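**Q** Just to be clear, the model below is a prediction. Sequence and coordinates:
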Amino acid sequence: MRTRHTTVDTDLDPITLVATDDSITGLYFRHHVRRPDTSALGPRIPAAEDPLLTEAAGQLTGYLAGRRVEFDLPLAPVGDEFQQRVWSIVAAIPRGSTTTYGAIATELGDRSLAWQVGQAVGANPLAILIPCHRVVGANGALTGYAGGLRRKRALLALDEADARTAGRLF
């Protein structure tokens, strides 16, 4: 396995992109709640030296600038079977939409799993790429976000601006 990382300067502060072999395996903010130890990220390299990290950095900056509405990257988040199921549902939340932990639990077949869904969402190693910022509390409240609520608000505002451009209102 060849793990490496790069840092991308963004309006949301520096973001670390991690790749293992031919897939993106991590996207972390500087003060990410569950950021792995630096030793687990592999060596830091300039994005320009790695075609996958170059592409990921370009897509991320395009997305944050409003020039891109989705990602086309090979993703390989590491997690258990339950987390993978939750992340798959989260990955399908369209831009401009939100859902709740309870709705995801219901989709999994058991509304009582809402707390576990919250734990899985919080453990998402691919923030933004798997858009966990689109998961909100039952009453629509902005609940925790591993990158901080300021970033969650900014990402939701970016999503909402794109949805309004597309003629949708909410």
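**A** That came through fine.

**Q** how deep is the closest residue to residue 107 other than its chain neighbours tucked in, by neighbour count?
**A** Closest residue to residue 107 apart from its sequence neighbours, by CB to CB, 6 or more residues apart in numbering: residue 89 at 5.7 Å. Bear in mind the C-beta positions are built from the backbone N, C-alpha and C, glycine included. Applying other CB atoms under 10 Å, we find 19 residues neighbouring residue 89.

**Q** what about residue 89, helix or strand, and which?
**A** Using DSSP states H and E, residue 89 maps to helix 81-91.

**Q** Show me which residues of that helix are buried.
**A** 83, 85-87, 89-91 (16 or more other CB atoms under 10 Å).

**Q** Can you list the neighbours in contact with it?
**A** Outside helix 81-91, the residues that touch it by CB atoms under 8 Å, 6 or more residues apart in numbering are 77, 79, 104, 107-108, 116-117, 120-121, 123-124, 126, 130-132, 134-135.

**Q** got it, and stretch 109-125?
**A** 18, 25-28, 33-34, 36, 77-79, 82-83, 86-87, 90, 100-102, 104-105, 108, 130, 132, 135, 138, 143-144, 146.

**Q** Kindly report the same for stretch 18-34.
**A** For stretch 18-34, the surrounding residues in contact (CB under 8 Å, 6+ apart) are 1-5, 12-17, 35-36, 41-42, 50, 52-53, 56, 60, 73-78, 122-123, 125-129, 144, 146-148, 151.

**Q** Need the buried ones from those selected in PyMOL.
**A** Of these, the buried ones can be selected in PyMOL as follows, counting by 16+ other CB under 10 Å:
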select buried, resi 4+5+12+15+16+17+35+36+41+42+50+52+53+56+60+73+75+77+122+123+125+126+127+128+129+146+147+148+151
